[in-house]
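J.: Give me coordinates for this.
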Amino acid sequence: MYRTHTCGELRAANVNETVTLAGWVQKVRNLGAMTFIDLRDRYGITQIVVEEHSDEATKAAAAKLGREYVLQVTGKVIERESKNPKMPTGDIEVAATALTILNEAQTPPFTIEEVSDGGDDLRMKYRYLDLRRPPLQRAMILRHKMAQSIRRFLDSEGFLEIETPYLVGSTPEGARDFVVPSRMNPNQFYALPQSPQTLKQLLMVAGYDKYFQIVRCFRDEDLRADRQPEFTQIDCEMSFVEQEDVINVFERWAKYMFKDVLGIEFSEPFRRMPWIEAMEKYGSDKPDLRFGMEFADITDLARGHGFSVFDDAEYICGFAATGCATYTRKQIDALTDYVKRPQVGAKGLIWIRVEEAGVKSSIDKFYSPEEVKAMAEKCGAKAGDMVFILCGKKFKALSQLCALRLEVTQQLGLRDPKKFAPLWVVDFPMFEWDDETERFYAMHHPFTSPKPEDVEFLESDPGRVRANAYDFVCNGTEIGGGSIRIHDAQLQATIFKCLGFTPEKAQEQFGFLMNAFKFGAPPHGGLAFGFDRLCSLFGGVESIRDYIAFPKNNAGRDVMLDAPSTIDQAQLDELFLSLVKPE
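T.: Take a look at the predicted model:
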């Protein structure tokens with residue numbers, strides 16, 4: 001056998017045992033009379049010692065070793081003279097009696113240690129080496145444990161894990177599809193699913209009342225830290241349920257996950273927050289509640305005093321930054337530059353400094369001290385705080401203030417990754433208007449049911465209709481979301497009409513679903529959680545990349561496999577495809 005123990009297993013209780021280990025050489029330290037070798041596998045590191053009296057073959061093998069050589073070691077476990085309390089195996093070492101080099105290795109392009117000297121691009125190119133590093137190993141182990149925990153809970157609740165196909169029809173609504181040409185059906189294409197949305201609804205029609213799947217999804221969209229062209233969802237659907245039923249099950253699931261994986265217990269119900277409250281208090285439909293600093297509408301207090309910036313604004317809002325009254329002019333100017341960045345888009349920043357002696361602001365010229373103080377108090381400021389104010393179109397100003405709030409809290413060190421503040425955001429608008437195309441789009445997707453009390457406004461006033469939808473949010477990140485679905489073919493047809501679909505177009509794209517509803521669709525609803533995002537949240541990092549074994553870069557490329565790549569002409573001919581050079 002190649003090994004009797006792993007490199008993270010041996011302890012003082014194993015002293016005097018003869019063992020065989022196998023792994024990669026982390027480090028070699030040749031001290032002349034003795035050679036020390038750190039041998040690593042995914043379980044840990046064990047120190048190997050080749051002593052002066054070891055046989056010549058063993059010493060010769062030790063002299064040849066380099067970093068990342070694959071090595072088998074047989075020897076006796078002995079107690080270390082100089083123990084290392086930072087290592088689980090730090091009380092012992094293995095005195096080698098035989099070394100077998102299983103494979104030599106080139107010197108790796110970066111150090112394979114806790115903190116590497118390799119840049120992102122280099123480590124992405126040699127991802128299989130990066131995956132040997134402890135941080136990536138911990139990430140993969142956490143992902144595995146979370147997947148098992150998810151399956152245990154949902155199985156205990158009676159959910160069935162059912163697979164759905166990866167080759168489906170294209171539905172252009174929403175993000176772009178990845179398309180796959182069909183050789184057997186010339187000039188026709190499959191699409192890779194953005195989610196199994198319609199398929200899981202068909203499973204409800206089929207009578208499988210509790211479904212789940214840890215499923216790969218695909219979206220051809222621009223990337224950022226928390227997005228990948230292929231990602232994993234925890235996809236769930238239930239029949240004969242209302243919104244409260246779905247939220248109750250998956251709040252229990254979330255609490256189970258926090259306790260089972262992280263040992264964190266939530267005894268109180270998660271907060272429920274209507275969408276409009278989230279926007280007006282935090283400028284985001286995924287608010288971060290780890291700290292306060294709620295927004296206040298000060299439009300009525302700020303308008304009508306001769307300050308044209310405020311007088312011409314639709315909406316004026318601000319928040320009190322805790323303990324920031326000591327900010328210098330340089331720090332305020334830096335924040336002003338921050339909100340003026342194209343990514344934020346504000347024209348400037350107004351501030352009020354609140355001290356025991358009184359208030360001072362950048363708009364003292366237009367307002368009395370009492371008027372400035374009233375604005376500060378409306379924002380909840382107390383002595384020692386700094387109030388920051390932005391204005392403009394309502395939701396644009398709120399969004400800009402949200403970016404500023406997060407920047408300030410980052411500077412203050414308030415975004416603790418080990419602290420969690422989960423909540424449900426509910427009562428979303430059903431539709432959002434797009435000025436460019438002059439039409440409504442579904443805020444979630446076209447199968448979301450409207451609130452029953454708002455159905456009467458679908459055709460007369462679609463903008464006021466609320467969706468029977470809910471998002472699970474934690475620490476400023478949308479972890480999951482879902483809705484009660486439409487199960488009535490007539491209501492679904494009305495929604496398609498609101499979204500600008502002709503009956504023919506709706507039938508062409510979604511006829512299979514609408515036809516299925518005619519055969520007795522139960523009331524149903526569900527949700528999907530971003531598994532990669534959930535892993536990064538539990539792991540305490542911003543990016544999901546560390547929790548995906550082989551991720552793409554920001555250009556959607558796999559630099560390790562050099563994909564996407566060209567294919568040869570014979571394949572193109574077989575698929576009836578011709579290439580057009582981009583302009």
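J.: For the rest of this, base every contact and every neighbour count on C-alpha atoms.
T.: OK.
J.: need the next SSE after the helix or strand harbouring Gly511, C-terminal direction.
T.: Per DSSP states H and E, Gly511 falls inside helix 503-517. Next along the chain after helix 503-517, taking DSSP H and E as the criterion, comes strand 524-530.
J.: Alpha carbons of the helix holding Gly511, in CSV - could you do that?
T.: Extracted in CSV, the C-alpha atoms of helix 503-517 (Å, rounded to 0.1, in the frame of the first residue of the first chain):
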residue,chain,number,x,y,z
PRO,A,503,-50.0,35.4,-27.9
GLU,A,504,-48.0,33.8,-30.8
LYS,A,505,-44.7,34.7,-29.3
ALA,A,506,-45.7,33.5,-25.8
GLN,A,507,-46.9,30.3,-27.3
GLU,A,508,-43.7,29.8,-29.3
GLN,A,509,-41.4,30.3,-26.3
PHE,A,510,-43.5,29.0,-23.4
GLY,A,511,-46.3,27.0,-25.0
PHE,A,512,-45.1,23.8,-23.4
LEU,A,513,-45.6,25.3,-19.9
MET,A,514,-48.9,27.0,-20.7
ASN,A,515,-50.2,23.7,-22.2
ALA,A,516,-49.1,21.8,-19.2
PHE,A,517,-51.1,24.2,-16.9
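J.: ok, residues contacting it?
T.: Residues from elsewhere that reach helix 503-517 (Cα atoms under 8 Å, 6 or more residues apart in numbering): 170-171, 198, 202, 205, 487-489, 492-493, 496-497.
J.: same check, this time on stretch 520-532
T.: Contacts of stretch 520-532 (Cα under 8 Å, 6+ apart): 201, 204-205, 214, 231-243, 246, 479-488, 544, 547-548.
J.: again, but for stretch 444-454
T.: With Cα under 8 Å, 6+ apart as the test, stretch 444-454 has contacts from 174, 430, 464-469, 483-486, 492, 495-496, 499.
J.: What is the most widely separated pair among these?
T.: Based on Cα to Cα, the longest span within these runs between Gly174 and Arg464 and measures 21.4 Å.
J.: sorry, back to before: list buried members of the contacts of helix 503-517 by neighbour count.
T.: Among the contacts of helix 503-517, those that count as buried by neighbour count (16 or more other Cα atoms under 10 Å) are 170, 202, 205, 487-489, 492-493, 496.
J.: buried sites along the helix or strand of the chain with the lowest mean pLDDT?
T.: Ranking every helix and strand in the chain by mean pLDDT, DSSP states H and E puts strand 439-442 at the bottom, with a mean of 80. Counting neighbours by 16+ other Cα under 10 Å, one finds that the buried residues in strand 439-442 are 440-442.
J.: Now do it: distance to the chain's middle.
T.: 26 Å (Cα atoms, centre = their mean, to the nearest Å).
J.: I'd say Phe319 and Asp297 touch.
T.: No - counting by Cα atoms under 8 Å, Phe319 stays clear of Asp297, with 9.2 Å between them.
J.: Mutual contacts of the two, please.
T.: Joint contacts of Phe319 and Asp297 (Cα under 8 Å, 6+ apart) are Cys379.
J.: quick revisit: follow the chain on from the least confident helix or strand of the chain and name the next helix or strand.
T.: Using DSSP H and E, the helix or strand that follows strand 439-442 in sequence is strand 469-474.
J.: May I have the strands that pair with that next one, each with its orientation?
T.: Strand pairing for strand 469-474, determined by DSSP bridges: strand 422-426 (antiparallel), strand 477-484 (antiparallel).
J.: which regions of this protein lie under the pLDDT threshold?
T.: Within the chain, the ranges that satisfy pLDDT under 70 run 172-174, 225.
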